[in-house]
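1. after the sequence you'll find the predicted model.
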Number of protein chains: 2
Amino acid sequence: MATMQDVARRAGVSVSTVSYVLTGTRPISQATRDKVHAAMAELDYQPNAMARGLASRRSRILGLLMPMDERGLGATETAFVTGAAAAASAAGYHLVLSPIGVADTDELRRLASQRMLDGALPMEVQLDDPRVDLLRELGVPLVLIGRTGDTTGLSYVDIDFDRTVRDAVDHLVGLGHRRIVYVNHSTATIAHGYGPALRTRDAFVAAMTGHGLDPLMIAAEDSAAGGRAALSEAFDRAPDLTAVLAMNENAIFGILGELAGRGLSVPGDVSVVSMVTSPQVAELATPALTAMTSPGSALGRIAVETLLRHLDGGSGEIHQQLLPCVLEVRGSSGPPRATGGDSTTGTGPARPAPARTEEAARRRAATRRRA
Amino acid sequence: MATMQDVARRAGVSVSTVSYVLTGTRPISQATRDKVHAAMAELDYQPNAMARGLASRRSRILGLLMPMDERGLGATETAFVTGAAAAASAAGYHLVLSPIGVADTDELRRLASQRMLDGALPMEVQLDDPRVDLLRELGVPLVLIGRTGDTTGLSYVDIDFDRTVRDAVDHLVGLGHRRIVYVNHSTATIAHGYGPALRTRDAFVAAMTGHGLDPLMIAAEDSAAGGRAALSEAFDRAPDLTAVLAMNENAIFGILGELAGRGLSVPGDVSVVSMVTSPQVAELATPALTAMTSPGSALGRIAVETLLRHLDGGSGEIHQQLLPCVLEVRGSSGPPRATGGDSTTGTGPARPAPARTEEAARRRAATRRRA
DNA sequence: GGTGGTTGTCGAAGCGCTTCGACGAAGCGT
DNA sequence: ACGCTTCGTCGAAGCGCTTCGACAACCACC
């Protein structure tokens, strides 16, 4: 393993000159620079990260704080991670993913106190997030992925849920739908203060009332069964519904299964639009789901770039940015069956015979891949 | 930020003594140790990772090389990661996840050459994996998660596919099934040398012929549509099949959907067993899937412990370990309808009317959660 | 009461890099 | 021709830790 000494000797310059070539902190003549680069290439020199980190007091490591629950990671998160990693790599930084739970402040404290992290990117930020408090206390620069309740003085990037919900509702209303039900996450999740669930709920109410429509929201457990139950509840409360807007990706296939079980076609009888969904998942359904595609990769890139700006320019400006999911119309949305106003579409044409229904109960799905 | 100097001064000892207390490399009297610990606590001292790394030439960082495709991470991988992280943390190491693609050797070279990694754990190892070659070349200790084609001199942990397949087949044969079809990954994946697909294929042939049965394997694209197509092909080639063993988790819900679409009940008409599947995913189906549960967390823990042993004890013994998935019987498997030998169960009782079939085509699902 | 081995502690020399101050050599205006 | 400012480079002082050799002090043992 060649050291900077070796490079300096070989290039016939001092170590400090090599260092300046590497970091660009002082002007170096082209001739010298070439000599140094040649020497580095010949020796296959790679700077020692630890030495550099010790001397410069910067590790060049960015921590992506990623709580890993038992569910795994979806395509959105994955896109986010790869986007962030690419941006970090391009800037000569390393992006390390830390599978640290939201409440696991001990491990985070270790990481941060040992000066191992130049900055942090907490993912899946909660409205009240202990990690954020800890990082601020320790003086670690951070950019949130998501938003805490109070974001004063904090930079963040997040999905623009208001805009996303509005666009989705506009799409459905534009098609002629009047009776739209919003399937959110579970009441427990909402009560727990999960930002996206709360924000989309409010945005849905705003969007619907803006159109002079009644906002009907149903909470659903994060499972296929939850989706089925939610759809049943929806039909109980609004027999004339013609469209479902679903935030809950785990429930979406339960919803589709239940619709099929009731003998209702999509989008013939009921249109379905899925929120914050990747193309990959949307294509799994038949027909493919009209969905609001999350800007995962861009979000990751922007988050890293923002964080790097904080590291360089002192504290710098705080930067708060929202990106909307973009509507991608696929096969699951279309004009409502009864184009009129408040006509009653009913619970479905010629309800299938009991036997069929029972079978239909098996036609479900929703998973999160592999196992 | 307190340094070791501060601690030494406060405890009235030298820095080296403090260091010995910390690392345990030399005996220190109980009295001195107590003084030092007290001083550390008072100052809220945390050793500087960079300085320690530079001086000791060990970063105490383990790299989990995790290729991130667009699909995200399943529950099995997640369990693996958390198991590994817990084991690393317990040993005072950090586990960093690197979203490095299998072919992205440049980034890996950077990470490794900069002496940032004490050891590496490549995940989703391919039969011929450039990362493994590179790491060996660079002299970075490693433990594979999975297996390359030639594993001489390499430590690894992996799923015991032979045993897993055999147990699954035994379960079905024990129930009375004779005509069992194995739904594997796609032919492209198999041709690409994806270890699990190859190993399970061979294991399936062995297990079936061991029972004097005909091993019928169908390849399926990793999607719901692939699962449906595979099932159709299966019925074409073996109209009398009574059980499906599926390795392809992305296709499983397509398989279930297609079965339902044909009016076949599970497990009444056809039993379904899913391989390498987490309980969470298995429970999403109705009935819940009988599955071979992957030992994700244990695998992660063992991998880290093995790697740490390599770091401590010089090169140490190589360690190759296989863990089987354990059978968890749920609702999707049962005795075959026609218990006799080679009776023809047919393509399903009273094939549903065309209209229904068309509707049924919409009753699918399979996703990988979120988006 | 020497000899020899532990045991516990210290001082100092780095680990490989960054960065500060210094300094000769140009380049400039006047 | 004079000082004055860049420009380009060097030497040296650390960054905060580990680790080696040294060395007292103590124990034992014949």
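-> Arrived safely.

2. residue boundaries of the strands in the stretch 51-200 of chain A?
-> For the stretch 51-200 of chain A, applying DSSP state E, counting those that start in this stretch gives strands covering A:61-65, A:94-98, A:119-122, A:143-145, A:155-159, A:180-184.

3. worst mean pLDDT among the ones you listed?
-> Per-stretch mean pLDDT for the strands of the stretch 51-200 of chain A is lowest at strand A:94-98 (a mean of 90).

4. and the strands of the stretch 51-200 of chain A as JSON lines, adding distance to A:P215 and mean neighbour count?
-> Using the backbone N, CA and C atoms, a C-beta is placed for each residue, glycine as well. Putting the strands of the stretch 51-200 of chain A into JSON lines (distance: least, C-beta to C-beta, whole Å; neighbours: other C-beta atoms under 10 Å in any protein chain shown) gives the following:
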{"stretch": "strand A:61-65", "distance to A:P215": "34", "mean neighbour count": "27"}
{"stretch": "strand A:94-98", "distance to A:P215": "38", "mean neighbour count": "25"}
{"stretch": "strand A:119-122", "distance to A:P215": "31", "mean neighbour count": "27"}
{"stretch": "strand A:143-145", "distance to A:P215": "28", "mean neighbour count": "25"}
{"stretch": "strand A:155-159", "distance to A:P215": "20", "mean neighbour count": "23"}
{"stretch": "strand A:180-184", "distance to A:P215": "7", "mean neighbour count": "26"}
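
5. nearest to chain B, out of those strands?
-> With C-beta to the nearest C-beta, the closest approach to chain B among the strands of the stretch 51-200 of chain A belongs to strand A:94-98: 3.7 Å.

6. closest one to DNA strand D among the strands of the stretch 51-200 of chain A?
-> strand A:61-65 (16.4 Å; C-beta to the nearest atom of the strand).

7. near DNA strand C, anything from the closest one?
-> No - Strand A:61-65 does not reach DNA strand C (C-beta under 7 Å from any atom of the strand); its nearest approach is 14.4 Å.

8. note down every partner strand of that strand and its orientation.
-> strand A:94-98 (parallel), strand A:119-122 (parallel) (DSSP bridges).

9. please produce a markdown table containing the strands of the stretch 51-200 of chain A, extended by distance to B:T82.
-> Formatted as a markdown table, these follow (distance: least, C-beta to C-beta, whole Å):
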| stretch | distance to B:T82 |
| --- | --- |
| strand A:61-65 | 14 |
| strand A:94-98 | 11 |
| strand A:119-122 | 18 |
| strand A:143-145 | 20 |
| strand A:155-159 | 26 |
| strand A:180-184 | 28 |
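
10. nearest to B:G83, of these?
-> Among these, the nearest to B:G83 by C-beta to C-beta is strand A:94-98 (15.1 Å).

11. so what's the residue count around A:E317?
-> The number of residues packed near A:E317 is 10, by other C-beta atoms under 10 Å in any protein chain shown.

12. helix/strand/coil for it?
-> coil (DSSP: H, G, I helix; E, B strand; the rest coil).

13. would you turn the strands paired with strand A:61-65 into a markdown table with distance to A:T82?
-> Converted to a markdown table, the strands paired with strand A:61-65 look like this (distance: least, C-beta to C-beta, whole Å):
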| stretch | distance to A:T82 |
| --- | --- |
| strand A:94-98 | 10 |
| strand A:119-122 | 14 |
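
14. so which of those strands is nearest A:M247?
-> strand A:119-122 (21.7 Å).

15. near DNA strand C, which residues of the stretch 101-250 of chain A are found?
-> So far as C-beta under 7 Å from any atom of the strand goes, the stretch 101-250 of chain A does not lie against DNA strand C anywhere.

16. out of the strands of the stretch 51-200 of chain A, which is closest to B:P196?
-> Using C-beta to C-beta, the strands of the stretch 51-200 of chain A put strand A:94-98 closest to B:P196, at 23.9 Å.

17. so which of the strands paired with strand A:61-65 comes closest to B:A288?
-> If we rank these by C-beta to C-beta, the stretch that ends up nearest is strand A:94-98, at 31.5 Å.

18. show the pLDDT at whatever residue of the stretch 51-200 of chain A ends up closest to DNA strand D.
-> For the stretch 51-200 of chain A and DNA strand D, the shortest gap (C-beta to the nearest atom of the strand) falls at A:A55, measuring 3.5 Å. pLDDT, A:A55: 94.

19. of all the residues in the stretch 1-150 of chain A, which ones are close to chain B?
-> Proximity of the stretch 1-150 of chain A to chain B (C-beta under 8 Å from any C-beta of the partner chain) is limited to residues A:1, A:46-51, A:53-54, A:59, A:68-79, A:81-82, A:85, A:89, A:94-99, A:107, A:110-111, A:113-116.

20. my guess is A:L43 contacts A:R10, does it?
-> Yes - assessed by C-beta atoms under 8 Å, A:L43 is found in contact with A:R10 at 6.5 Å.

21. quick one: is stretch A:180-200 near chain B?
-> No - against chain B, stretch A:180-200 shows no contacts by C-beta under 8 Å from any C-beta, the least distance being 10.9 Å.

22. output that stretch as CSV, nothing but the C-alphas.
-> C-alpha atoms of stretch A:180-200 as CSV (Å, rounded to 0.1, in the frame of the first residue of the first chain):
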residue,chain,number,x,y,z
ILE,A,180,-64.2,9.0,-4.5
VAL,A,181,-63.0,7.1,-1.4
TYR,A,182,-59.5,7.5,0.0
VAL,A,183,-58.0,4.5,1.5
ASN,A,184,-55.3,5.6,4.0
HIS,A,185,-53.1,3.8,6.4
SER,A,186,-54.5,2.3,9.6
THR,A,187,-56.0,4.5,12.3
ALA,A,188,-53.1,3.3,14.6
THR,A,189,-50.6,4.6,12.1
ILE,A,190,-52.4,7.9,11.8
ALA,A,191,-52.7,8.2,15.6
HIS,A,192,-49.0,7.5,15.9
GLY,A,193,-48.4,10.6,13.9
TYR,A,194,-47.2,9.2,10.7
GLY,A,195,-46.7,12.3,8.5
PRO,A,196,-47.7,11.0,5.1
ALA,A,197,-50.9,9.6,6.4
LEU,A,198,-51.8,12.8,8.1
ARG,A,199,-50.8,15.0,5.3
THR,A,200,-52.5,13.1,2.6
